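Trainee: sequence and predicted model, in that order:
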Amino acid sequence: MDTLEQVVVYATGRKASDVHLALDENIYLRLDGDIVSCPGLTTGAPFFEDVYKRLSPAQHKAFKEQALAADFAVNCAGWDMRCHLYWANTKPILAIRFMRGKIPSMEDVMLPKAFQDLIRQGRPTGLILVTGYTGSGKSTTLAACLDWINHNAALNIVTLEHPVEYRYKAAQSIIRQREVGRDVPSFGHGMVDAMREDPDVILIGELRDPETVKAAVSAAETGHLVFGTLHTRTAGSTISRILDVLPSDERDQVRTMVASSLLAVIGQRLITRVGGGRVAAFELLLNCPAVAGAIRENKPGQIANEIAVKKDMGMIDFDTCLVDYVRKKLITPETAMESSDRPDEIRKRLGISTKVNPLSSGMGGIPSPSMPGGTKHTIPSALMHR
């Protein structure tokens, strides 16, 4: 392929989220979370010449003469995208991330009802943490929440993002999107600025340094609704992580502030869906006196217990969400067990018995579960060792 437009049309036609291109090598796409090669489709010198035309003169010179990577935004074939151009093994490499299009609703994302109710209530103030590994859909969850607020409340919304992935159009609210590195030097600087901009709602793309964490918690405690993200796997580890970035002599004070200002922690993982695509599975922790007490007393293990015993409040753990998705035929039992930290618990809740296949015994075989009613499901051996 000789032009960026050709690549974009091809990649978006296959619903890729990212594209990886190297000089005279096959194109690679990220499809439903996996990297997929496109044999026979390559990008040669003409393609990269087309890319260089989209750089500023200073970026082009720095890239060619100093081997400095270049980050730039471009619209091509009707798509907004973020591009990162760099060198590897003396070859130019281009990584493309497509900006999201239509913002989904909270129902589309399948956010837990109790969490949707929290967003929809009058005018909530406090701290909401959205957690999960890179690529778990945190940006989509945040976009769904902010878009609902934007269309249903007259507020001033400030976002600090790196990069901006969804673009909002002001509806009932004012909404100002600031990109770190383009509009503001850092998340910390952005928080200082935001507090001078009469905000009602603040979104912080990542809570990763002491200044940003303290500013976010302080804003939440003083009557603002603050959304923040972290790359953590569970609610209990989220509270520990947010405090671990702080100097040890400041943790007790901020821990008390978090205990009083926290509204919710929602964790998510993207799971392969029956029929293709992916669906987000959620864990939801809502603050309550028992949770606040566990935070103050630095007992992260107790937080997980509270999710289990406070389901009447709408809290949910990952395993409950996964089992619900199996029963709704959104995912398979195998996918649920592979995605869970406790596959035996999933098997138990689904009533799957483990039976040894006599044809494979003595030959390294593994038990295969059977669902009530005689339907059998084969589990990959790698799964049984998770």
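Mentor: Thanks, I have it.
Trainee: got a list of what the spatially most central residue of the chain touches?
Mentor: The structure's the chain has its C-alpha centroid closest to residue 138; by C-alpha atoms, centre = their mean the separation is 2.7 Å. For residue 138, the set of contacting residues under the criterion of C-beta atoms under 8 Å, 6 or more residues apart in numbering consists of 130, 131, 132, 229, 268. The way it works is simple: take the backbone N, C-alpha and C, and place the C-beta from them, glycine included.
Trainee: backbone torsions only: list them for the fourth one.
Mentor: Put plainly, it is residue 229. phi -120, psi 150 (degrees, to the nearest 10).
Trainee: of the contacts of residue 138, buried ones?
Mentor: Burial by neighbour count, judged by 16 or more other C-beta atoms under 10 Å, picks out 130, 131, 132, 229, 268 from these.
Trainee: tell me which element residue 83 falls in.
Mentor: Under the criterion of DSSP states H and E, residue 83 resides in strand 79-88.
Trainee: from the chain's centre, how far out does the biggest helix by length in the chain sit?
Mentor: With residue count as the measure and DSSP state H as the assignment, the chain has helix 138-152 as its longest helix. A distance of 14 Å separates the centroid of the chain from that of helix 138-152, by C-alpha atoms, centre = their mean, to the nearest Å.
Trainee: buried sites along that helix?
Mentor: Neighbour-count burial for helix 138-152, counted by 16+ other C-beta under 10 Å, picks out 138-150.
Trainee: quick one: the helices in the stretch 1-150 of the chain?
Mentor: Taking DSSP state H, counting those that start in this stretch as the test, the helices found in the stretch 1-150 of the chain are 4-13, 45-52, 57-66, 106-109, 113-120, 138-152.
Trainee: hey, what's the angle from the last one to helix 113-120? Just curious.
Mentor: Between the axis of helix 138-152 and that of helix 113-120 there is an angle of 50 degrees, by axes from the mean of the first three to the mean of the last three C-alpha atoms, to 10 degrees.
Trainee: where does the prediction get shaky in this protein?
Mentor: Judged by pLDDT under 70, the chain has its weakly predicted residues at 354-386.
Trainee: break it down into its domains, please.
Mentor: Residue ranges for the domains of the chain, per automatic domain parsing: 4-98, 106-316, 326-384.
Trainee: tell me the most buried of those domains?
Mentor: The highest mean neighbour count among these belongs to domain 106-316 (a mean of 18), with neighbours defined as mean count of other C-beta atoms under 10 Å.
Trainee: chain center to that one: distance?
Mentor: Taking C-alpha atoms, centre = their mean, the mean C-alpha location of domain 106-316 is offset from the chain mean by 11 Å.
Trainee: okay, the helix or strand residue 241 falls within in CSV with CA atoms only?
Mentor: Applying DSSP H and E as the criterion places residue 241 in helix 235-244. Provided in CSV are the C-alpha atoms of helix 235-244 (Å, rounded to 0.1, in the frame of the first residue of the first chain):
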residue,chain,number,x,y,z
ALA,A,235,-11.0,-2.8,43.8
GLY,A,236,-8.9,-3.6,46.9
SER,A,237,-5.6,-3.2,44.9
THR,A,238,-6.9,0.1,43.5
ILE,A,239,-7.1,1.7,46.9
SER,A,240,-3.7,0.5,47.8
ARG,A,241,-2.2,1.7,44.4
ILE,A,242,-3.6,5.2,44.7
LEU,A,243,-2.0,5.6,48.2
ASP,A,244,1.3,3.8,47.2
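Trainee: can you name the residues in contact with that helix?
Mentor: With contact meaning C-beta under 8 Å, 6+ apart, helix 235-244 is reached by 129, 131, 207, 213, 230, 232, 251, 254-255, 258, 265, 267, 283, 285, 295, 300-301, 303-304, 307.
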